[in-house]
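Peer 1: A structural model of the following input is requested.
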Amino acid sequence: MSVSILTRTVSEFSLKIARNLFVPIKNFHTNKGVFQDSIQPVENVEVQPPVRPPLPIVASRQLAFPPRYRSPRQVWISNLDTVEEEKLGLIDLHPEVFADKPRVDVIHENVRWQQLYRHVSYAHTKMRYEVRGGGRKPRPQKGTGRARHGSIRSPIWKGGGVVHGPRSPTPYFYMLGFHARLNGLRATLSAKLAQDDLHVVDSLDLPTDDPKYLENLVEERRWGPSVLFIDESDIMPLNITAATDSIGHFNLMPVYGLNVHSMLKHHTLVLTLAAVERIEERILFHLHRTDSVDVQGKYKVDN
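Peer 2: Residues are numbered from 1 along each chain as shown. Have a look, this model is predicted:
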């Protein structure tokens, strides 16, 4: 009896000590509660659309090497942030770059050059020393009454070697003249502008990366089934990069990659304001430079 009373007394005493030493679990703060107490509440911030510059964007600009007897061409500047086209201003284009004679022969030279410089023929025929067999003289030199032969792999034998046959790899590369390439760019840009297939936009920023938005925009503005977007740098905005990734007939290209074949391959050419200025700057510089003969020496293949 005394042992049970002593055991009950010790148990009650230990429970009292535990209650005084330990704090109930419900009074502890979890990590979630700590972070919630320390983080300040953030108010909902509405994302404002990009603010456009005051209109008109470009009314007129000073052209480098201004022509004396030809007036500059004017093109509307449109937007890409809405499906419906909005006229944001006018821009003057240099007539020596965008209003040159659209010579079909120069354009054809550039297209043919671009098609051939990456073409390699792998047609290959074996000569007599490469054909298998023919080590023994087929018959004696004299006494048989037949023709004299030394090998069955002679080109006049069936299964023998081939004389003057194609040997692989055969490249068709040749270097087109510098001014022919320069005039090809001018003629193609002028032809695109004359056919109303060249458009200028303020930038390539799109409000969304949905490919359907870009398709609706092109269909609304009747730009044609294939469009080539040209910007000054090869770092394009994220939305238009993602939107054109799944569409094979909408392509992006920096100014330094502009070429005749790509412009003719697409129905519509869309240039940004920065791309227009860069194209004019480079083409006019090469047209009016005085050391062109010395610079073009490195492009000659037979040097």
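
Peer 1: gap between residue 231 and residue 192?
Peer 2: Here residue 231 is placed at a distance of 17 Å from residue 192 (C-beta to C-beta, to the nearest Å). No exception for glycine: its C-beta is placed from N, CA and C like everyone else's.

Peer 1: shaky segments in the stretch 201-303 of the chain?
Peer 2: Confidence mapping of the stretch 201-303 of the chain against pLDDT under 70 gives the ranges 298-303.

Peer 1: make it 50
Peer 2: 303 (pLDDT under 50).

Peer 1: next one: the stretch 51-200 of the chain
Peer 2: Using pLDDT under 50, the stretch 51-200 of the chain has no residue that qualifies.

Peer 1: Strands of that one, residue ranges please.
Peer 2: Counting by DSSP state E, counting those that start in this stretch, the stretch 51-200 of the chain has strands at residues 73-78, 89-93, 120-121, 170-171, 198-201.

Peer 1: give me the beta-bridge partners of residue 231?
Peer 2: residue 254 (DSSP bridges).

Peer 1: residues contacting it?
Peer 2: With contact set as C-beta atoms under 8 Å, 6 or more residues apart in numbering, residue 231 has these partners: 204, 252-255, 272, 274-275.

Peer 1: closest to residue 165 among these?
Peer 2: Among the contacts of residue 231, residue 253 lies closest to residue 165 (C-beta to C-beta), at 40.7 Å.

Peer 1: tell me the contacts of the closest one?
Peer 2: Counted by C-beta under 8 Å, 6+ apart, residue 253 has contacts 228-231, 262.

Peer 1: Show the buried residues in the residues you listed.
Peer 2: Using 16 or more other C-beta atoms under 10 Å as the burial test, the contacts of residue 253 include 228-231, 262 as buried.

Peer 1: Look up how far residue 204 lies from the residue lying closest to residue 205 once chain neighbours are set aside.
Peer 2: In space, residue 205 comes closest to residue 237 once its chain neighbours are excluded; the distance is 5.1 Å by C-beta to C-beta, 6 or more residues apart in numbering. Distance check for residue 237 against residue 204: by C-beta to C-beta, it reads 5 Å.
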